[in-house]
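**Q** Need coordinates for the below:
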Amino acid sequence: MRKNAIGVLGASLVLGLALTGTASAEVGSDASSGAPAVSAKLNAVSGRFYVDGVRIHNKPDLDANVNGLGYIGHKVTVYCFARGPLETVWWRITDTTTGVPGYIEQSYGGPNSPVTQRC
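**A** Prediction:
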C-alpha cells in the first residue's frame, strides 16, 4: 500500500513538472533509503547534474551513505536546500530517471530555477 501511494505521488509530481515546470512536495523521512521522503508542501523545480557519477547521499554530508549515482542527462527534481558541514549547500533531490532520492552537494548539480525553501 505504501509503495502504491508513493508511486501515485511520484506520478503527480512528474505531471505537475511537465505541465508547469514546478510541483509541490514536503520533506519527511523514508526509512527504506535513509533519505527524506517526499509528500506535498514544498515547491519542487527541475534540476540537473553538472558531471557524471554524482553521489546521491542519504544526508547532506560527504561521509553519509550513498543511495545511488546521478549522470548528466538524467532528469532531476529539486525540493529544497540544507546546510552541511562547513556550511556547504546541499540540494534535496530525486533523480527521476532512476527514482533515487537524497542529497547532492551544490558543486555537482542543482536546480534550473531558484529554490529558497530550506529542508
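**Q** and H74, what does it touch?
**A** Residues in contact with H74 (C-beta atoms under 8 Å, 6 or more residues apart in numbering) are 48-49, 95-98. No exception for glycine: its C-beta is placed from N, CA and C like everyone else's.
**Q** Let's verify it: helix, strand, or coil?
**A** Taking DSSP: H, G, I helix; E, B strand; the rest coil as the rule, one finds H74 in the coil state.
**Q** what bits of the chain have low per-residue confidence?
**A** Across the chain, the ranges flagged by pLDDT under 70 are 1-42.
**Q** repeat that for 50
**A** Applying pLDDT under 50 to the chain flags residues 1-27, 31, 39-40.
**Q** the strands in this structure, which residues?
**A** 22-27, 38-49, 54-57, 66-70, 76-83, 89-95, 100-105, 109-111 (DSSP state E).
**Q** Give me the buried positions along the fifth one.
**A** Spelled out, it's strand 76-83. Under the neighbour-count criterion of 16 or more other C-beta atoms under 10 Å, strand 76-83 has 76-82 buried.
**Q** Output those residues as CSV; include the columns distance to P111.
**A** Listed next are the buried residues of strand 76-83 as CSV, based on distance: C-beta to C-beta, whole Å:
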residue, distance to P111
V76, 8
T77, 9
V78, 4
Y79, 9
C80, 10
F81, 9
A82, 14
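**Q** ok, back up a step: nearest to C119, out of the strands of the chain?
**A** With C-beta to C-beta as the measure, strand 76-83 is the member of the strands of the chain nearest C119 (4.1 Å).
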